[in-house]
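A.B. asks: based on what follows, work out the 3D shape:
(chains A and B)
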There are 2 protein chains.
Amino acid sequence: MNIPKTSFPRVVIIGGGFAGLAAAKGLKNQEIQVVLIDKHNYHTFQPLLYQVATGGLEPDSIAYPLRKVIKNLPNFYFRLTEVLKMDSEKRKIHTTIGELKYNYLIIATGSKTNYFGNTNIEKYSMAMKNVPQSLNLRSLIIENFEDALLTKSFEKRNALMNFIIVGGGPTGVELAGALAEMKKGILPKDYPDLDIRQMQINIIQGSNRLLKAMSEKASEKAEDFLINLGVNIYKNAHVTDYDGYTISTNADLSFEAATVIWAAGVKGATINGLNNECVVERTERIKVDTFNKVKNHKNIFAIGDVACMDISGFPKGHPMMAQPAIQQGIHVAKNLIAELNNKEQKPFKYVDKGAMATIGRNKAVVDLKKIRFQGVFAWFVWMFVHLFSLIGFRNKTVVFFNWVYNYIRFDRETRLIIRPFKKRNKESF
Amino acid sequence: MNIPKTSFPRVVIIGGGFAGLAAAKGLKNQEIQVVLIDKHNYHTFQPLLYQVATGGLEPDSIAYPLRKVIKNLPNFYFRLTEVLKMDSEKRKIHTTIGELKYNYLIIATGSKTNYFGNTNIEKYSMAMKNVPQSLNLRSLIIENFEDALLTKSFEKRNALMNFIIVGGGPTGVELAGALAEMKKGILPKDYPDLDIRQMQINIIQGSNRLLKAMSEKASEKAEDFLINLGVNIYKNAHVTDYDGYTISTNADLSFEAATVIWAAGVKGATINGLNNECVVERTERIKVDTFNKVKNHKNIFAIGDVACMDISGFPKGHPMMAQPAIQQGIHVAKNLIAELNNKEQKPFKYVDKGAMATIGRNKAVVDLKKIRFQGVFAWFVWMFVHLFSLIGFRNKTVVFFNWVYNYIRFDRETRLIIRPFKKRNKESF
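C.D. replies: As a prediction, this is how the structure comes out:
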């Protein structure tokens, strides 16, 4: 892979998400060689992907070039590649561009969509875990309306204008809100010859409330907001199949829709070659101790979504969100530096900074440690926190301007079909 | 195609570029049904595509949704499709989504890259005529440097860092300037382990000067600017072949390069079904009279790049640029309205507003009717004119901010690989 050999220990970080970047930044100015690996050449700010999908933001403003992050840092290297396999005995990884030896390995590969083995759903539904997927979804939404204009079949038009979001977590809720805003502000103007009232936005949630990781008050308010925006919410129902046209559930409930967005589950994006006993079943996260060390491996760490820490209070591991990822990244870098300097390492302690979700214009729900609030103020807090968390002054400014513009103009202007995409069951349409 | 029938005459406009949009806008508030057809759902501001390709701008800010242009205009319809064939006898067009009858047809299909029949060059070289192509080029530029890091072969590394621009018109000159700025400002920081001095930027120009549609002074200055930026200029040479690795020319000159950008010629994007005698050989533009009417067709017009008007002073038709396109679009709308109201139609007269090209930071050349200037002031004029010409307040603001940011920070931040792309001769790399 053409990384120079030095006398410094080599730390390989797989993944430039929240966790991987935090770890990389924590290792700077040390006598350590750091190799950051990612299959994209940019960091993705995942919490705003739904706005890229719904035409509110351009992808460039929620992403940040990884090479720019490590620019000017001596002994830092970036490689654009995918890891095929790891070999913990020989302390090396195999990638699409060759092998690489490591002294320490930090696995920060994040999570991927979990279809729970349902290949039909995987084939026909849309996911929204990265920039290309979001652009695909954006294209599909627009193509649906373009196609709805053309069909003479009332049923097919209905199916083209029917959006099923499976999963009522933050992603599902925020996407449903954004689609509802499109339905109100943009689509009637863009498609005056369609009856946009036919457009349906549905959330199917497995449990008995939305945002179940948040407070009951937040769930309740989020539900109110969504219902006011015209979103249909179906609780206690699991989607069992989707053939590209008909969605079946385990409840007395079925739909016909051209678009199913699968936000019902994620699993760890684990790495080939890791011993089975290190990986949790079903969620496929990597078992780590309180120092983020992978079971039975002294020099391998896992952080962020892919890591499942065995710790009291979090029987299933920390929530798969940005905050635990960032905190673990910072922490693992400190511990690694301590280890190299023969100093004491500290166990990871998660500081819960709360959770929030926005539902649409002026509407959000925020749970902080001591205080919970919903509505306009929560919406401002949501915007401030997300703006502040974006990497780079350019991105912050462009996103801020877009938000102000979209707010004042009731518009979402970045609705180009950049990646023409039809994920359709051709027999049905 | 599901367009309602009305008592109004139907005008079908094919193409939402400068010409088509100008014509559509000119027809508003009339007793006319207007159907605008394009294969993209957005208008592309082509003069800035090279900045998308070189990471200076996001694609969303130089494009504008076509549905937004015709929003709120009664009797205006947009269809996202490609025209397969026209049938002037039956007065209808065939598209991928069905047939459409017209009373008047305005062909504003623009131009496409002209490879002059060289299929090898078409296969391996890059073009830059639309957003997807620009994003492909952006991806290729970055992938080249990522690959250059990995190869142990000095020759292949050289080829990966060698950029050949064929054609010294505005596109070639502006792209060369932007690549040279990347070489100076960004690439040495992004790729500290590469010797960026190995990067070569070459323009191959068929005639004896660059920007041959502009004044000699402009050519001379553009050449000076480019040479100062380290660009190699080869004049009086024609590229004869490219196998994905070796470029041959008719002169005593050959190169090895992974990237050839073909900006050496365009031709009219004419429509199937038009009588051969209406189309100019070689440039494939459609012959029109001074009213933009297609030869022997009273109700078919051609405007913009695709139209070749037989008029004194322009033996080969008007230059294939934005200005003639916009002016013809405005004019054809006026004439059409006059025709429908039985009023007198006026022949088209081109008002030459001049030409300009930017070479890089603080460097541009401007030819106006009475005055010609080059340098910093020309650069400001270039920026002002381009900013002013963009459609939409959002686009203007985002582009302006990007320019200020890039200028102050010597940076181009939107360098994501959105459409991963390798147009390589695999045997060579």
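A.B. asks: give me the three-state assignment for A:Q327.
C.D. replies: helix (DSSP: H, G, I helix; E, B strand; the rest coil).
A.B. asks: my guess is it contacts A:K334. True?
C.D. replies: No: taking contacts as CB atoms under 8 Å, A:Q327 lies outside contact range of A:K334: 10.9 Å. Heads up, the C-betas are built off the backbone N, CA and C, glycines and all.
A.B. asks: who has more neighbours, those two?
C.D. replies: Higher neighbour count among A:Q327 and A:K334: A:Q327, with 22 against 16, using other CB atoms under 10 Å in any protein chain shown.
A.B. asks: pLDDT score assigned to that one?
C.D. replies: Predicted confidence (pLDDT) for A:Q327: 98.
A.B. asks: do the same with A:L274
C.D. replies: At A:L274, the predicted lDDT confidence score is 89.
A.B. asks: would it count as being in a strand?
C.D. replies: No: using three-state DSSP, the secondary structure at A:L274 is coil, not a strand.
A.B. asks: what's near enough to touch it?
C.D. replies: By CB atoms under 8 Å, 6 or more residues apart in numbering or on different chains, A:L274 lies in contact with A:M86, A:S88, A:I286, A:V294.
A.B. asks: just give me the neighbour total for the residue nearest to the second one when sequence neighbours are not counted.
C.D. replies: Beyond its immediate neighbours in the sequence, the residue positioned closest to A:S88 (CB to CB, 6 or more residues apart in numbering or on different chains) is A:H297, lying 5.7 Å away. Neighbouring residues of A:H297 were enumerated by other CB under 10 Å; the total is 18.
A.B. asks: same question for A:H238.
C.D. replies: Neighbourhood size, A:H238 [other CB under 10 Å]: 16.
A.B. asks: how near is the closest residue to it other than its chain neighbours to A:I164?
C.D. replies: Once flanking residues are discounted, A:H238 sits nearest to A:N250: 4.7 Å by CB to CB, 6+ apart. Plainly put, A:N250 is 15 Å away from A:I164 if you go by CB to CB, to the nearest Å.
A.B. asks: comparing those two, which residue is more hemmed in?
C.D. replies: Between A:N250 and A:I164, counted using other CB under 10 Å, the more crowded position is A:I164 (24 against 11).
A.B. asks: who in the stretch 1-150 of chain A is up against chain B?
C.D. replies: Applying CB under 8 Å from any CB of the partner chain, we find that the stretch 1-150 of chain A lies next to chain B at A:1-2, A:4, A:40-42, A:58-61, A:63-65, A:67-68, A:71-72, A:77, A:79-80, A:97-98, A:131-132, A:135, A:142-143, A:146, A:149-150.
A.B. asks: give me the buried subset of those.
C.D. replies: Among these, the ones that count as buried by 16 or more other CB atoms under 10 Å in any protein chain shown are A:1, A:40-42, A:58-61, A:63-65, A:67-68, A:71, A:77, A:79-80, A:97, A:131-132, A:135, A:142-143, A:146, A:149-150.
A.B. asks: returning to that earlier point: ok, and the most crowded of the contacts of A:L274?
C.D. replies: Using other CB under 10 Å as the neighbour test, the contacts of A:L274 are led by A:I286, with 27 neighbours.
A.B. asks: which ones are touching it?
C.D. replies: A:I286 is in contact with A:I107, A:G268, A:T270, A:L274, A:C278, A:V279, A:V280, A:V294, A:A302, A:V306, A:A307, A:C308, counting by CB under 8 Å, 6+ apart.
A.B. asks: if you set the cut-off to 6 Å instead, what comes out?
C.D. replies: The contact partners of A:I286, taken as CB atoms under 6 Å, 6 or more residues apart in numbering or on different chains, are A:T270, A:C278, A:V279, A:V294, A:A302, A:V306, A:A307.
A.B. asks: roughly how far does the residue nearest to A:Q205 when sequence neighbours are not counted sit from A:S88?
C.D. replies: Distance criterion CB to CB, 6+ apart; nearest residue to A:Q205, sequence neighbours excluded, is A:G168 at 3.4 Å. Using CB to CB, A:G168 is found at 39 Å from A:S88.
A.B. asks: cool, and A:I233?
C.D. replies: Applying CB to CB, the value for A:I233 to A:S88 is 46 Å.
A.B. asks: per the record, what domains does chain A have?
C.D. replies: Per the record, chain A has its domains at A:10-39+A:81-113+A:266-340, A:119-264, by automatic domain parsing.
A.B. asks: need these in CSV (columns: distance to A:L368).
C.D. replies: CSV is the format used below for the domains of chain A (distance: least, CB to CB, whole Å):
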stretch, distance to A:L368
domain A:10-39+A:81-113+A:266-340, 12
domain A:119-264, 10
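A.B. asks: among those domains, which comes closest to A:G375?
C.D. replies: For those, proximity to A:G375 was assessed by CB to CB; domain A:119-264 is nearest, at 7.6 Å.
A.B. asks: mind listing the helices for the stretch 201-350 of chain A?
C.D. replies: A:216-228, A:322-340 (DSSP state H, counting those that start in this stretch).
A.B. asks: now render the ones you listed as CSV, adding distance to A:R197.
C.D. replies: As requested, these are exported to CSV (distance: least, CB to CB, whole Å):
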stretch, distance to A:R197
helix A:216-228, 16
helix A:322-340, 37
